[in-house]
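Asker: Have a look at this fold, sequence not included:
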């Protein structure tokens, strides 16, 4: 059977333009707030149904943004873990997890919006099944971190792991925005990364206070056990 011909190069370029426009607009305005026609306009598509034609729906376009960024990011995490030497402690795994996100802050032609997009994604979609599917190396890092704080009571370790990505995205999305406005210089990125690793490592391994232990001793602690559990982007 004859091979199916490739799509015209212009089709693929149009899809990329839509993905990048969606990433920026979703990051700046929120995923639910941006109509597809606005994305078509931002991507300079003559066909005002282009986004629907290529991706089917808003959720299809969100999925396309994730698939455009996450596989390469996750591969980089796998490389960092496999090349690492010495103690594989909390800092080691956080470094492997966070540095590929820091690389998303490096200057690129289309600008930097992915970290703010991911923060908006947390608000838009509670289901991280697709993210976990696209980031197996990141899931493995999460498992290692959970094991390293396994000495903590299960409700506490679950809360800390559950809120891990929220903390990381909050800091880096703010840094991304401030880079765009000039409030932060690119020369400060390494310091932001090192300090973020320090902060998160301390948060994960922090000893329990007497107040927290007392709350755990109560039959109903009233602790919010929500969070973005097992999110790994």
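Answerer: Received, thanks. Model, not experiment: these values are computed from the prediction.
Asker: now the protein, which segments are flagged as low pLDDT?
Answerer: By pLDDT under 70, the low-scoring segments of the chain are 1-11, 126-127, 219-231.
Asker: all helices of it, in order?
Answerer: All helices of the chain, identified by DSSP state H, fall at 9-29, 36-42, 50-55, 58-83, 90-103, 114-124, 129-134, 136-148, 154-162, 164-181, 189-205, 210-217.
Asker: Next, work out how far apart residue 114 and residue 166 are.
Answerer: Per CB to CB, to the nearest Å, residue 114 is found 16 Å from residue 166. For the C-beta atoms, the positions are set from N, CA and C on the backbone; glycine is no exception.
Asker: higher neighbour count, those two?
Answerer: Set side by side, residue 114 and residue 166 show more neighbours around residue 114, with 27 against 15, by other CB atoms under 10 Å.
Asker: Show the contacting residues for the more buried one.
Answerer: Residues near residue 114 by CB atoms under 8 Å, 6 or more residues apart in numbering: 23, 27, 65, 69, 104, 176.
Asker: redo that, cut-off 6 Å
Answerer: Listed by CB atoms under 6 Å, 6 or more residues apart in numbering, the contact partners of residue 114 are 69, 104.
Asker: Same question for residue 198.
Answerer: Neighbours of residue 198 in contact, by CB under 6 Å, 6+ apart: none.
Asker: what do you get for the one 10 residues further on?
Answerer: Remark: with contacts taken as CB under 6 Å, 6+ apart, residue 208 is in contact with nothing.
Asker: go with 8 Å
Answerer: Going by CB under 8 Å, 6+ apart, residue 208 touches 152, 153, 156, 216.
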